[in-house]
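Chemist: here's a sequence, model it:
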Amino acid sequence: GLKKLEYRGYDSAGIAVVNGAQLQIRRASGKLRNLEEALRNHPCDGSFGIGHTRWATHGRPTEENAHPHRDCRGEVVVVHNGIIENYLALKKSLIGEGHTFVTETDTEVIGHLVEKHFKGSLEEAVRAAIQEMTGIYAIVVLSAKDPNKIVAARLGPPVVIGFGQGETFVASDIPAILAHTRDVAFLGDGEVAVLTAASVRMTDTQGAPIEPAVQ
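Modeler: Down below sits the predicted model:
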């Protein structure tokens, strides 16, 4: 999937995979082949995960600044397309609350916001986090503390959902999932999707259900 999206960014790449309660992350600066090399040297597997190829906006193109980004505890990971315009103000506020940042990116604040609002439901934590963010974003979040689901939210950049047989997919562009399914739906602005292996549930900003228009 990342190979199909490499045109979106090629200064770093990374994946995060959950296996049981264990979260494994592999990242590398430079082209995608560097991530492939890292995976050959340190394989990881699991039942659900996320990945990203990066074109740097905030922060240098280093492994440290590569997505996915984590919260303080290493329990929440996020990938993000777009720009969080108020990230410096959010970062200052979160540092004041005791959060520790390790990158130069705007994306890292999303992971810490989700951590701040997490009360057991990843979906509710993401919904609360995006209320504090200004800018544009397509985000995909997972947590080892609320396993077997992926939460996606969109305001601006595209998000496509794929419906497979006993599996679901989310991506920033259709080619990433075409090898797995041809049944897709697009997430609308302000909408949130919760993906499990068996289902996709889409809602609006207030949490009201939306029937996906599958194409």
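
Chemist: going forward, measure contacts and count neighbours with C-alpha atoms only.
Modeler: OK.

Chemist: contact partners of the helix or strand bottoming out on mean pLDDT in the chain?
Modeler: Among the helical and strand segments of the chain, the one scoring lowest on mean pLDDT, DSSP states H and E is strand 69-70, with a mean of 78. In this structure, residues lying in contact with strand 69-70 by CA atoms under 8 Å, 6 or more residues apart in numbering are V76, V77, V78, V79, T107, E108, G111, H112.

Chemist: so which of the residues you listed belong to helices?
Modeler: Using DSSP state H to define helices, the subset of the contacts of strand 69-70 located there is E108, G111, H112.

Chemist: residue contacts, the second one?
Modeler: Counting by CA under 8 Å, 6+ apart, G111 touches H69, R70, D71, V76, V77, V78.

Chemist: per-residue confidence at it?
Modeler: In the prediction, the pLDDT value recorded for G111 is 94.

Chemist: the first one now?
Modeler: Reported pLDDT at E108 in the predicted model: 91.

Chemist: what's the neighbour count on the residue nearest to it when sequence neighbours are not counted?
Modeler: Sequence neighbours aside, H69 is the residue nearest to E108 in space, at 5.6 Å (criterion: CA to CA, 6 or more residues apart in numbering). For H69, the tally of surrounding residues (other CA atoms under 10 Å) stands at 27.

Chemist: separation between H69 and A125?
Modeler: Distance of H69 to A125, given as CA to CA, to the nearest Å: 16 Å.

Chemist: now swap in T181 and tell me
Modeler: As for T181, its distance to A125 is 29 Å (criterion: CA to CA).

Chemist: that older thread, centre of the chain to the least confident helix or strand of the chain, how far?
Modeler: Its chain's average C-alpha position is 9 Å from that of strand 69-70, according to CA atoms, centre = their mean, to the nearest Å.

Chemist: neighbouring strands for that strand, and are they parallel or not?
Modeler: strand 76-84 (antiparallel) (DSSP bridges).

Chemist: right, and the helix or strand after the strand it pairs with?
Modeler: Once the chain leaves strand 76-84, the next helix or strand it forms, by DSSP states H and E, is helix 87-96.

Chemist: quick check: mean pLDDT of that following helix?
Modeler: Confidence for helix 87-96, expressed as mean pLDDT, is 96.

Chemist: do stretch 120-140 as well
Modeler: Confidence over stretch 120-140, taken as the mean pLDDT, stands at 95.

Chemist: try stretch 207-215
Modeler: Averaging pLDDT along stretch 207-215 gives 94.

Chemist: CA atoms of that stretch as CSV?
Modeler: What follows is stretch 207-215 as a C-alpha-only set of coordinates in CSV (Å, rounded to 0.1, in the frame of the first residue of the first chain):
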residue,chain,number,x,y,z
GLY,A,207,-21.7,11.2,16.6
ALA,A,208,-24.9,10.7,14.5
PRO,A,209,-24.6,7.6,12.3
ILE,A,210,-24.0,8.0,8.5
GLU,A,211,-24.7,5.3,6.0
PRO,A,212,-21.6,4.9,3.8
ALA,A,213,-22.2,5.4,0.1
VAL,A,214,-20.3,2.3,-1.2
GLN,A,215,-19.0,2.6,-4.8
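
Chemist: what are the buried residues along it?
Modeler: For stretch 207-215, the buried set under the neighbour-count rule, 16 or more other CA atoms under 10 Å, comprises P212.

Chemist: use 597 as the first number for this chain going forward.
Modeler: Renumbered: residue one is now 597, and that last one reads stretch 803-811.
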